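1. generate coordinates for the sequence data below:
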Amino acid sequence: MYTSFQNINIRISIWLFIISFMVVAMIFIGGATRLTGSGLSMVEWRPLLGFLPPLTELEWIRIFELYKLSPEFIQINSWMSLSDFKFIFFWEYFHRVWGRLIGLFFLIPLIYFIYVKRLSGVILFRTTIIFSLICIQGIIGWWMVKSGLNEIPTVSQYRLSIHLSMAFIILGLSFWTAMDLYEGPVKKLNLFDKIPIIFISLTIVAGTFVSGMDAGLVYNSFPYMGETIIPIEYGSLGIIDPFENPVSAQFHHRLLATLTLFIIILYFINYILKNEINRRIIVLSRAILCQFIIGVFTLLYSVPIVLGVIHQFGGVILFLSSLWLLHLPKFSFNSN
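-> As a prediction, this is how the structure comes out:
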């Protein structure tokens, strides 16, 4: 009986691990969409009928003509031919379709597991919440795109931050629930345990504002911003400065990333001193070191697409690594 129950938990956890992988891929695709300037290429929102791409040349021309009416085309991309448009359309289309696939791949197993009465209590509650958030995320995505279809062809940094932060919330809930089912109970957590994930999450949120305001392009030097560590433009917009000033957004991301690096180094040293070194803290330490170095090079080279995507993907790996460390099983603390 126990073995059968354990097998069911493993199956459910595998499903949620796959969902987590799909969300990771979604964040990667979203980063590529943003960095290639493709996010405003689809000016229609057809959540049910937009699964297939244009299949005929006439349909491509119709879609392109709609795009020609958008502020982005008029002000920025008026040079584009139909073939150029197809490239940016691909990324935004791929982004939307992948989101639909995540929803379907979550919903169908969810219905099945509920039907066969394999989900109950906390796990049923969590999986229902995750599916609800996936649906809300689709709406947020269009809400974000719509903000860039006005006179100023750029999406709101606030809406982009909410959209990307929601992706990490969905990823975190899915991955944590999968680990709960796969590994069993975790040790009791206190504030000290949670500090790395808190700082990593804050750094990611700060990074969403960098992305939303293209703040990675304002100062391409490190560690100085101009001739000083703290840029002269910092705080110039008053109370809204952290959210409206690209210079301040970049400074906050740098500061939080540096603090996070030193915090995780201190945690690594603490694990060594307590003779509790394990694979998870080693992975997290390597992840933060690589991510910090990639972030610096991304900045120095003015955010090229490849480095930008790698940096965003590195943030995902860092986030998952911190959750993995936080989820040390209660009965196998020194074995992981």
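2. from E276, how far off is L325?
-> Counting by Cβ to Cβ, to the nearest Å, the gap from L325 to E276 is 11 Å. The way it works is simple: take the backbone N, C-alpha and C, and place the C-beta from them, glycine included.
3. what residues sit buried inside stretch 220-236?
-> Buried residues in stretch 220-236, counted by 16 or more other Cβ atoms under 10 Å: M225, P231, E233, Y234.
4. ok, back up a step: between L325 and E276, who's got more neighbours?
-> L325 (23 against 12; other Cβ atoms under 10 Å).
5. got a list of contacts for stretch 255-267?
-> 195-196, 199-200, 202-203, 206, 281, 284-285, 288-289, 291-292, 295 (Cβ atoms under 8 Å, 6 or more residues apart in numbering).
6. in helices, which of those residues appear?
-> Taking DSSP state H, the ones among the contacts of stretch 255-267 that sit in helices are 195-196, 199-200, 202-203, 206, 281, 284-285, 288-289, 291-292, 295.
7. so which of the residues you listed is the closest to S161?
-> Using Cβ to Cβ, A206 is the member of these that sits closest to S161, with 9.2 Å.
8. tell me the pLDDT at the nearest residue to that closest one once chain neighbours are set aside?
-> Nearest residue to A206, sequence neighbours excluded (Cβ to Cβ, 6 or more residues apart in numbering): H253, at 4.3 Å. Looking at H253, its pLDDT stands at 97.
9. tell me how far H253 lies from T33.
-> Using Cβ to Cβ, one gets 20 Å for the distance from H253 to T33.
10. now the helices for the stretch 151-300 of the chain?
-> Using DSSP state H, counting those that start in this stretch, the helices of the stretch 151-300 of the chain run over residues 157-183, 191-212, 241-244, 246-273, 279-300.
11. any stretches of the protein with poor pLDDT?
-> Low-confidence segments of the chain (pLDDT under 70): 1-6, 47-50, 329-336.
12. okay, now the domains of it?
-> Listed by automatic domain parsing, the domain ranges of the chain are 1-184, 185-336.
13. list the buried residues for stretch 247-265?
-> Buried, per 16+ other Cβ under 10 Å, within stretch 247-265: 247-254, 256-257, 260-261, 263-264.
14. let's see that stretch as CSV, backbone CA atoms only.
-> Extracted in CSV, the C-alpha atoms of stretch 247-265 (Å, rounded to 0.1, in the frame of the first residue of the first chain):
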residue,chain,number,x,y,z
VAL,A,247,20.2,54.4,-14.3
SER,A,248,18.8,53.6,-10.8
ALA,A,249,17.3,50.4,-12.0
GLN,A,250,20.7,49.2,-13.2
PHE,A,251,22.4,50.3,-10.0
HIS,A,252,19.8,48.4,-7.9
HIS,A,253,20.3,45.3,-9.9
ARG,A,254,24.1,45.6,-9.6
LEU,A,255,23.9,46.2,-5.9
LEU,A,256,21.5,43.3,-5.2
ALA,A,257,23.5,40.9,-7.4
THR,A,258,26.8,41.8,-5.5
LEU,A,259,25.1,41.4,-2.1
THR,A,260,23.6,38.0,-3.2
LEU,A,261,27.1,36.8,-4.3
PHE,A,262,28.7,37.7,-1.0
ILE,A,263,25.8,36.2,1.0
ILE,A,264,26.0,32.9,-0.8
ILE,A,265,29.8,32.8,-0.4
